[in-house]
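Visitor: this one's structure only:
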């Protein structure tokens with residue numbers, strides 16, 4: 001996990017509409033950057049839908065939400081459409097941002113050690129600095145907890 005107070009690494013990835021986007025495109029806005037393992041899995045769906053339900057509250061506070069996984073653009077498009085997610089999903093199949101944000105790690109899955117995305121959420125300020133970081137977050141609680149962090 002990256003340190004609080006450090007500059008958030010910039011990246012350029014494709015969104016669910018196959019459009020190129022960079023973190024620097026959001027300079028001047030706070031950003032919740034959340035990394036999740038996979039589209040259409042139970043935990044990831046709960047987390048995404050939670051952010052979707054609370055999205056108007058985040059917008060009210062001037063915060064943009066960006067979800068990143070290694071899923072394809074097509075997978076993200078289906079996931080976004082299926083659950084009517086109002087925020088951006090970025091595809092990182094080459095692990096560019098995933099590795100830059102130190103969320104690609106060894107995990108235990110059914111007794112086997114595998115490499116994968118550790119569910120992690122960063123809050124980035126208007127100047128691109130990391131102001132909050134949470135690793136191994138609980139999918140269902142993450143959206144509400146992030147809203148509390150912003151409202152403080």
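Guide: Here it is on my side, so go on. Predicted, not measured: the structure shown is a model, and the values here were computed from it. Numbering: from 1, shown residues only.

Visitor: what's in contact with the lowest-mean-pLDDT helix or strand in the chain?
Guide: Every helix and strand of the chain was ranked by mean pLDDT, DSSP states H and E. The lowest is strand 104-109, at a mean of 87. Strand 104-109 has contacts (Cβ atoms under 8 Å, 6 or more residues apart in numbering) with 95, 98, 113-118. No exception for glycine: its C-beta is placed from N, CA and C like everyone else's.

Visitor: strands paired with it, and their directions?
Guide: strand 112-117 (antiparallel) (DSSP bridges).

Visitor: ok, back up a step: quick one: the contacts of strand 104-109 as CSV, columns for pLDDT and distance to residue 143 too.
Guide: Output for the contacts of strand 104-109, formatted as CSV (pLDDT from 0 to 100; distance: Cβ to Cβ, whole Å):
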residue, pLDDT, distance to residue 143
95, 98, 24
98, 98, 20
113, 90, 29
114, 89, 26
115, 93, 26
116, 93, 21
117, 95, 17
118, 94, 18
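
Visitor: alright, that wraps it up for me.
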